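Asks: compute the structure for the input listed below.
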Amino acid sequence: MNIFINPDENRFRAGWRIAAQLFLMYLIGLLLVLFTNSFIPIKIDLLGTICIAFGAIASTVLAAKGLDNRPWQQFGVIFNKENVREWAYGFVLAGIAMGIIFAVEYAVGWLTVTRFGWQQINASHYVLTFGGYFLFMVLVGFWEELVFRGYQIINASEGLNLPDIRRKQAVLLAVLISSVAFGIAHAFNPNAGWISTLNIILAGAMLAFPFIVTGRLSLSIGLHIGWNFFQGGVFGFPVSGMPGRASLLQINQQGPDWLTGGTFGPEAGMLGLLGMGIIIGMLIGYFKKIRQKLTIYHSLGIYSANSNDTPDK
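Replies: Sure, this is the predicted structure:
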């Protein structure tokens, strides 16, 4: 058996494709950092995130053509009116869930609002800062969903679609693999610990849920953007260990870390799990409304070199 090439598909095996895409993503990101850092006076952590985002998008497009032998749109990214509507719907759902977390903490006295964002930052610059934060979270939400949900789940599920493993089992194992990778990627963030890493893994599975049901990334992207933006841009919580300095509400937390998530943010506490549960419940209600069966999308985990299959919307 050739451990590198799948002769039936005439391409590298799934594990090598995933590894190559990740390597290419960080290589492009690093080269962009080295190039732009010489010309643009910007904080290295922000610059690195932006460059990695462009590296992720570029490497996924290149991998689709050079390694996967398919259009990159088959990773669930579609730009049309219906999908933009689902982006917005996911964004609102995440905002509702994060608003409930904020309301619970405020009601029991675990946080106080100390000031507003325009009092923290020069008022004349706050609108630009706030808008820039939103665009930054759009970029982060898009690239992380494209890589961790779109590319990894599709490739891993195809690689695991073996004689002794049913297709649905292969997809669920792929979700587990991508979610663990997602958790590990956030394990080195400031203030991270084993609880935050475990909860991020669960968040990865939550974000994968609408993707494996519809084959589209639109809801996942909207949820991811909304979760981060409302968390750090509106309600003042840290986002995966990063403080929300540009947040609309500036807060002071006093509650127990195992519930609130402390300096890492709600993702490291039980209230973060509550938010994820609320989102799952609202997604199920949405799928019932649009008459979407709660089953794995028909082509997920199946590869065909001649397939032009893309999600329905």
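Asks: ranges for the helices of this protein?
Replies: 14-36, 44-63, 81-107, 117-120, 123-144, 152-159, 167-186, 194-214, 218-229, 257-260, 270-289 (DSSP state H).
Asks: give me the angle between the first one and helix 44-63.
Replies: Read it as helix 14-36. 130 degrees (axes from the mean of the first three to the mean of the last three CA atoms, to 10 degrees).
Asks: mind saving the C-alpha coords of helix 14-36 as PDB?
Replies: Coordinates of the C-alpha atoms in helix 14-36 are reproduced here as PDB (Å, rounded to 0.1, in the frame of the first residue of the first chain):
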ATOM      1  CA  ALA A  14      -6.200  12.800   3.400                       C
ATOM      2  CA  GLY A  15      -3.700  13.100   6.300                       C
ATOM      3  CA  TRP A  16      -1.000  14.500   4.000                       C
ATOM      4  CA  ARG A  17      -3.400  16.900   2.300                       C
ATOM      5  CA  ILE A  18      -4.400  18.300   5.700                       C
ATOM      6  CA  ALA A  19      -0.800  18.500   6.900                       C
ATOM      7  CA  ALA A  20       0.300  20.200   3.600                       C
ATOM      8  CA  GLN A  21      -2.500  22.800   3.800                       C
ATOM      9  CA  LEU A  22      -1.500  23.700   7.400                       C
ATOM     10  CA  PHE A  23       2.200  23.900   6.500                       C
ATOM     11  CA  LEU A  24       1.400  26.100   3.500                       C
ATOM     12  CA  MET A  25      -0.900  28.300   5.600                       C
ATOM     13  CA  TYR A  26       1.800  29.100   8.200                       C
ATOM     14  CA  LEU A  27       4.500  29.400   5.500                       C
ATOM     15  CA  ILE A  28       2.500  32.000   3.600                       C
ATOM     16  CA  GLY A  29       1.600  33.800   6.900                       C
ATOM     17  CA  LEU A  30       5.200  33.900   8.000                       C
ATOM     18  CA  LEU A  31       6.400  35.300   4.700                       C
ATOM     19  CA  LEU A  32       3.700  37.900   4.800                       C
ATOM     20  CA  VAL A  33       4.700  38.900   8.300                       C
ATOM     21  CA  LEU A  34       8.300  39.300   7.400                       C
ATOM     22  CA  PHE A  35       7.500  41.300   4.300                       C
ATOM     23  CA  THR A  36       4.800  43.600   5.700                       C
END
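Asks: quick one, that helix and helix 123-144 angle?
Replies: Compare the direction of helix 14-36 with that of helix 123-144 by the same axes, to 10 degrees and you get 150 degrees.
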